[in-house]
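Trainee: Following is a predicted model, sequence given first.
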Amino acid sequence: MQWSTPFTISKSPFPISHQSKILSLGSCFAETVGQKMVGYKFDCLVNPFGTIFNPISLVKLLETALHLQQWDEAEILEREGLFFHYSSHSDLVAESKKELIQKLFNQASLCNKYLEHGSHLILTFGTAWIYELAETGSLVANCHKQPSTNFKKRLLSLEEMKGKLKSLLSQIANSFPSLKVILTISPVRHIKDGIPENQLSKSLLRVLCAELENSFSYVSYFPAYEIMLDELRDYRFYKADLIHPTEEAENYIWEKWGASYLTDEAREKSGQIHKITQELRHRPLNPHSEGHRKFLNNLLEKLERLNAEFDFSSELSAVKKQLNSESK
């Protein structure tokens with residue numbers, strides 16, 4: 001008996017290796033896959049402006065980073081003595097306007113370096129529903145817990161999104177012709193918008209991705225949303241909120257991602273790193289036993305071998321500290 005609807009995902013023409021330099025921006029999948037790649041020692045910058053849900057805000061941030069433009073101070077707001085910017089997530093916060101602008105500039109500069117020297121750009125779209133400031137009509141990436149009366153909500157049109165993304169992707173191609181772009185749609189449903197409204201939003205985003213992939217040879221699409229919807233449709237793959245994927249679901253999608261985008265060597269190295277990570281999490285019954293000391297010495301040898309290729313300096317330091325503490 002079959003309990004899911006599996007489908008084939010082709011091998012990507014733009015493979016990722018441990019020599020790749022990756023920028024991952026957008027909604028939840030950008031965060032999930034980005035952090036997993038960081039954990040497997042890929043050079044990946046993940047959401048330097050925090051989680052961003054809609055495509056137009058992503059375009060605005062990337063254009064700011066691409067051209068190192070000035071940040072609009074009119075979009076700064078203060079809440080409880082802290083300062084936020086309407087173009088970024090509330091993760092970017094400061095105690096003064098000057099400090100916030102400097103933080104945003106630093107993140108944009110870092111983002112610019114990953115665009116200039118990068119091999120892959122991952123963009124994950126979460127929703128086509130947006131909020132605009134009622135007073136100015138300016139689109140915001142995050143409402144920062146301001147009164148709902150300050151905003152107007154609307155649905156982005158396909159043509160509006162397509163125009164902005166095509167312009168951005170053309171700019172990127174002109175500046176960084178070797179950069180490959182991977183589009184995904186977040187598997188997390190935005191049910192606060194309403195179930196039919198969420199489906200309408202995701203449908204628009206899916207058509208957007210298809211049209212962009214067909215328009216640019218360096219753009220590809222990874223079906224994270226479809227995997228969650230069809231292969232993992234049972235609620236046992238969702239957390240208690242029935243919205244976010246469980247760790248098992250995230251790992252399943254990661255395996256599909258690896259099979260499609262990672263080189264064979266990268267997958268093999270990631271497997272070795274995964275085993276090391278599991279061993280680092282090991283909690284012994286008796287931390288002072290000779291058996292555990294032998295385990296730590298073996299682990300130290302493995303880390304030293306891998307450290308020649310990947311940065312395991314903090315892990316090496318932690319294991320050596322354990323060995324030194326037990327020898328006293």
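Mentor: On my side now, so go ahead.
Trainee: going forward, measure contacts between C-alpha atoms and count neighbours the same way
Mentor: OK.
Trainee: What sits closest to Cys143 if chain neighbours are left out?
Mentor: Tyr86 (6.8 Å; C-alpha to C-alpha, 6 or more residues apart in numbering).
Trainee: Check that neighbour and give its pLDDT.
Mentor: We have a pLDDT of 97 for Tyr86.
Trainee: mind listing the helices for the chain?
Mentor: Ranges of helices in the chain, per DSSP state H, are 28-39, 55-67, 97-117, 158-175, 195-215, 224-226, 247-261, 264-280, 290-307, 313-327.
Trainee: Out of those helices, which is closest to Tyr131?
Mentor: Of all those, helix 55-67 sits nearest to Tyr131, with 10.5 Å by C-alpha to C-alpha.
Trainee: how about low-confidence regions in this protein?
Mentor: Within the chain, the segments meeting pLDDT under 70 span 1, 326-328.
Trainee: and it, what are its domains?
Mentor: 21-263, 282-328 (automatic domain parsing).
Trainee: Out of the ones you listed, which is the most enclosed?
Mentor: For the domains of the chain, the largest average neighbour count (mean count of other C-alpha atoms under 10 Å) is found in domain 21-263, namely a mean of 18.
Trainee: Straight-line length of that domain, end to end?
Mentor: End-to-end span of domain 21-263 (C-alpha to C-alpha, to the nearest Å): 14 Å.
Trainee: contacting residues around Asn198?
Mentor: Thr127, Arg189, His190, Ile191 (C-alpha atoms under 8 Å, 6 or more residues apart in numbering).
Trainee: Kindly recompute the last result at 6 Å.
Mentor: Contact partners of Asn198, counting by C-alpha atoms under 6 Å, 6 or more residues apart in numbering, are His190.
Trainee: That one and Leu299: what is the separation?
Mentor: Distance from Asn198 to Leu299, by C-alpha to C-alpha: 47 Å.
Trainee: for Leu155, same thing?
Mentor: 53 Å.
Trainee: wait, the residue nearest to Cys143 sits on Leu139?
Mentor: No. In this structure, Tyr86 is not within contact of Leu139 by C-alpha atoms under 6 Å, at 8.2 Å.
Trainee: can you list the residues that contact stretch 96-107?
Mentor: Under C-alpha under 6 Å, 6+ apart, the answer for stretch 96-107 is Pro48, Ala94.
Trainee: Now Glu95: closest residue in space, sequence neighbours ignored.
Mentor: Leu82 (4.9 Å).
Trainee: That neighbour against Leu92, yeah?
Mentor: No. At 10.3 Å, Leu82 and Leu92 do not qualify as touching, with contact defined as C-alpha under 6 Å.
Trainee: re the thing from before, contacting residues for the residue nearest to Cys143?
Mentor: Glu75, Val140, Ala141, Asn142.
Trainee: what's it sitting at in phi/psi?
Mentor: Dihedral angles of Tyr86 (phi, psi; degrees, to the nearest 10) stand at phi -70, psi -10.
Trainee: how near is it to Phe29?
Mentor: With C-alpha to C-alpha as the criterion, Tyr86 and Phe29 are 22 Å apart.
Trainee: nearest spatial neighbour of Ile16, skipping sequence neighbours?
Mentor: Ile16 sits nearest to Leu262 (C-alpha to C-alpha, 6+ apart), 4.8 Å away.
Trainee: Assess the claim that that neighbour and His18 are in contact.
Mentor: No. Counting by C-alpha under 6 Å, Leu262 stays clear of His18, with 8.9 Å between them.
Trainee: so what's Tyr218 closest to, chain neighbours aside?
Mentor: Here the residue nearest Tyr218, using C-alpha to C-alpha, 6+ apart, is Lys180, at 5.2 Å.
Trainee: go on, Lys202?
Mentor: Per C-alpha to C-alpha, 6+ apart, closest to Lys202 is Thr127, 6.5 Å.
Trainee: ok, that neighbour - contacts?
Mentor: Phe53, Asn54, Ser201 are the contacts of Thr127 under C-alpha under 6 Å, 6+ apart.
Trainee: Contact partners for Asp193?
Mentor: Per C-alpha under 6 Å, 6+ apart, neighbours of Asp193: none.
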